[in-house]
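Visitor: based on what follows, work out the 3D shape:
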Amino acid sequence: MSSVTTGKETETPWPDLSDDLRKLRESVSIKVARNVRQGYEADENVRGMYRTSIRLNVVRNRLLTESYKATEGEPVILRRAKSLAHMVRNLPVYIMPRERIIGHSGETPDDLFYPIEVNWKSPWRAMNADDAREILDDEGRAEMEEIVEYWKGKTLSDLHKQAFEGDLKKYFQFEGTFLWSLWDEGAVPDFEKLFKVGLKGIKQEAEDRLREVIENLFAFDIPCVVISKSIVPPPVMLEIADRRKIPLFSSKLATVDLINKLSFWLETIFAPKVYVHGTMMDVYGVGMLYTGKSGIGKSECALDLVERGHRLVADDVVEIRRHGEKALIASGSNLLGHHMEIRGVGIVDIEKLFGIRSIRMQKRVELEVRLVMWEELEDYERLGIDFQNTTMLGVEIPLVIIPISPGKNLTAISEVISMNYMLRVYGENPAESFVERLNDEMRRKARLQDYLMDDHE
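Guide: Sure, this is the predicted structure:
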C-alpha cells in the first residue's frame, strides 16, 4: 500500500504573506535563468542549476520499470494499466499542511520529476550535468543508469522516431511542422488530425503548402532566384520556375557571403557612370585624371610617367563610376584596353611594351589635373594654399590647373602634384607653412623696426 507522509505533525498558525512568498520562492525546482530565479545561494559560485535540496525522483521510474519488466509480451494497453496500478499501490503520498487536494508527482515537493517512459534522455542529462551532480547519490545514480538502459529504444520519443522513416523522417525532426506540438524528444502528435488524414495526408498537406508558398514567391516579377549553400531545390520549385520562365541559380557560398558578393556586383553594374576624354594614371599611388583639349599632350605625359615606373589605367576614353557617396572609380573601356595613341607614332600597347607592372585595371580618382595652354589663362595659382575643386557624378575632388608651354617638364610636375597631395592627406600643407613662416618673419622685422625707431642712443 502507498505510504502517507505529512509535512508537519501538528497544525501551525497561518503564516504571514512574507512567509508564503518565501516558501513559494523555495519551491522553485529549476533555475530558468540566473537573474530570474529567486532564493539565491549565499555564494553564487557554488550555486548550480538546482537548489541544494532538489533530488531526482527515482521511485516512480523504478516502480514503472518493475511493472514493464514483469509484463513483457503483453498488450501495451494492459502493460500501461498494470504499471499505473503498481505505482498507485506503492508510491508515497505527500500531504502538505492544510491541503484539500493531496498528492505530488514525487515523494516530496523537492523531487525533480522526469517521466522515463516519455523520454529517457532528459533524466539522463539531468543526472550527468556538471552543475547537477548533487541531485542523486551514488546508489540512486547507479539505479537510474540501469533504468535508463532498459528504456532506450522503448520510450514514446523513440517509438515516434522509429515510426517516421524514409521521406517522413524530416517531419518528425523539424520542430513544429504540421504534426508535432512540442520538441522532438517529448513530442505529442495531433492524433485527431493523424486519424483523419493519416501520415500520407499530412505529408500531402506539407507538399501542398510548399507549392503554395513557391507559387506566391514566383508570382512576383523577379529576374531570377539564387539558392545558397548548394541546397538542392525541391522538384516543385524547378517545375514552377520552368513554367514561369524565371532563371533558377544555385551557389555553394553561404548566404551572407552570397548576399555580400551580389550586392557589390549589382552596385558596380548599376552604379552611375560617365565617360571622360582624358588619361588616367596611378602616380605614387594617387589616382590622377588628366584632362584637356585634344592634342595638348596628355598621352605623351602619361607615356613618360609609365617609363618612370608609374602605371596607366586608361587613355583617351576613361569610364568613371561612382561607388557609394564619395568614391569615383576609373577604368578603361574593353575595346581600347591599355592601348595609347601617340601622334606621329600611332597606336602602342603599353602592356606589351612595358610589362604587366605598367598597367592597372582600375583606380580611384583622387584629383583632376587639367592641362591648358599658357595664353588661355590670365591668372595662375602661385602659392597653392587651397586646391580648386571640380565635381563629377555629385562627388567633389581637387582640381589642379597646369599651364602648358614648350619645354615644360610635365612628368616631374605630375610627381610633385602627387606627393604634395599625399602630404595634404597626412595633414601637411607646405604652402600654408611657408606663408605662415613668411608672415612670422615680417612681423618680427616690423617689431624690430619699431624698437629701433625709438632708440636714440
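Visitor: neighbours of Asn57, how many?
Guide: Neighbourhood size, Asn57 [other C-beta atoms under 10 Å]: 25. No exception for glycine: its C-beta is placed from N, CA and C like everyone else's.
Visitor: what does the one 5 residues further on give?
Guide: Neighbours of Arg62 under the rule other C-beta under 10 Å: 18.
Visitor: tell me the mean pLDDT for the strand ranked longest in the chain?
Guide: Taking DSSP state E as the criterion, the chain has its longest strand at strand 311-323. For strand 311-323, the mean per-residue pLDDT is 89.
Visitor: next SSE after that strand?
Guide: Per DSSP states H and E, the first helix or strand lying C-terminal to strand 311-323 is strand 327-332.
Visitor: for that following strand, which strands pair with it and how are they oriented?
Guide: Paired neighbours of strand 327-332 in the sheet (DSSP bridges): strand 311-323 (antiparallel), strand 362-364 (antiparallel).
Visitor: where do the helices sit along this protein?
Guide: Secondary structure of the chain by DSSP state H: the helices cover 17-26, 59-70, 76-90, 121-128, 138-151, 156-163, 169-173, 191-218, 235-244, 255-269, 298-307, 350-354, 410-425, 430-453.
Visitor: name the helices or strands packed onto the second one?
Guide: When contacts are defined as 3 or more C-beta pairs under 8 Å, 6 or more residues apart in numbering; DSSP states H and E, helix 59-70 packs onto helix 76-90, helix 138-151.
Visitor: quick revisit: quick check: angle from the longest strand of the chain to helix 298-307?
Guide: 110 degrees (axes from the mean of the first three to the mean of the last three C-alpha atoms, to 10 degrees).
Visitor: tell me what the closest residue in space to Ala314 that isn't next to it in sequence is bridged to.
Guide: Distances taken as C-beta to C-beta, 6 or more residues apart in numbering place Gly332 nearest to Ala314, at 3.3 Å, with adjacent residues excluded. Per DSSP bridges, the residues bridged to Gly332 are Val318.
Visitor: rewinding a little: which one of the strands paired with strand 327-332 lies closest to Leu112?
Guide: strand 311-323 (60.7 Å; C-beta to C-beta).
Visitor: how far away from the center of its chain is the closest one?
Guide: 35 Å (C-alpha atoms, centre = their mean, to the nearest Å).
Visitor: mind listing what Thr411 touches?
Guide: Each residue near Thr411 by C-beta atoms under 8 Å, 6 or more residues apart in numbering is listed here: 301, 304-305, 308.
Visitor: just the buried ones among these, please.
Guide: For the contacts of Thr411, a burial check counting by 16 or more other C-beta atoms under 10 Å picks out 301, 304-305.
Visitor: for the helices of the chain, which one ends up most surrounded?
Guide: Comparing the helices of the chain by mean neighbour count (mean count of other C-beta atoms under 10 Å), helix 298-307 ranks first with a mean of 21.
Visitor: name the helices or strands packed onto that one?
Guide: strand 273-283, strand 286-291, strand 311-323, strand 339-342, helix 350-354, helix 410-425.
Visitor: fine, thanks again, bye for now.
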